[in-house]
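Asks: quick one, fold the following:
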Amino acid sequence: MVFYLLYPYIYRLLFEKKTVKSAVIRDSVLIVLVVLVTVAILMEEPAVYKHISKALPRVPVFLTGCCFGKLVYEKKRMPAVTLIVLTVGYLLMDHICLDAGKFHNILERYSYWIGGVGITFLLAILFYYTPQWFNTVCKKWGVVSLEIYFAHIAILRVFQKLGVLERFFKNYRYLELLLLIVFAYVWAVIAAKMVELLKGCIKKHQTN
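Replies: Prediction:
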């Protein structure tokens, strides 16, 4: 959430020159710096890294989204070589992870990052051929995807704390998953509506 608060400043830094090439170069430099800092902390202060291992390695994902998100929104064409590089990069990273025996460490996060971005390109190609109704449903889910992510984590933790999963759904994992999805979606929609209302109030206040 901290990085979402910093996003306006990151956006200004990336797109100061208003060119795709400049944005990609600046984004790449930021990502490399973050990766180097992350690796340095892991090597020098493993105890410290343990407490931030779920957050810091995900920063490159966020920075990638900062750059590609705008390009996608503006419907810029992505070169085919981008998908090829991401796919090859994911396969190499996956192989290195398994070979190094560190798949449950920092390399795992980075393999998901490269693979995840590559999958989004493949999905974009897939959505070109899928029916309109399917794309509409995915679009509605996509609007509240961030809220769904946060909601499902919060709900899952509450379920675990109350022992709901073991008590009622021990033998009904599919029902557990269905309820989690429903609750998370409802929560996400409510949160999204509240954000829209807040934005409306802010705009109204600025107008007055």
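Asks: least confident secondary structure element in the protein?
Replies: Every helix and strand of the chain was ranked by mean pLDDT, DSSP states H and E. The lowest is helix 164-168, at a mean of 59.
Asks: can you name the residues that contact Ala23?
Replies: Leu14, Phe15, Lys17, Cys67, Lys70, Leu71 (Cβ atoms under 8 Å, 6 or more residues apart in numbering). (Each C-beta comes from the backbone N, C-alpha and C, glycine too.)
Asks: most neighbours, which of those residues?
Replies: Among the contacts of Ala23, Cys67 has the most neighbours (other Cβ atoms under 10 Å), with 22 neighbours.
Asks: gap between that one and Lys193?
Replies: 29 Å (Cβ to Cβ, to the nearest Å).
Asks: equivalent analysis for Phe150, please.
Replies: Phe150 is 15 Å from Lys193, by Cβ to Cβ.
Asks: ok, now which ones touch Trp141?
Replies: By Cβ under 8 Å, 6+ apart, the residues touching Trp141 are Ile148, Tyr185.
Asks: got the end-to-end distance for stretch 43-59?
Replies: By Cα to Cα, to the nearest Å, the extent of stretch 43-59 from end to end equals 18 Å.
Asks: what about the strands in this protein?
Replies: For the chain, no strands turn up when DSSP state E is the criterion.
Asks: domain map for it?
Replies: Per the record, the chain has its domains at 2-130, 139-207, by automatic domain parsing.
Asks: the first one: end-to-end distance?
Replies: Terminal residues of domain 2-130 are spaced 36 Å apart (Cα to Cα).
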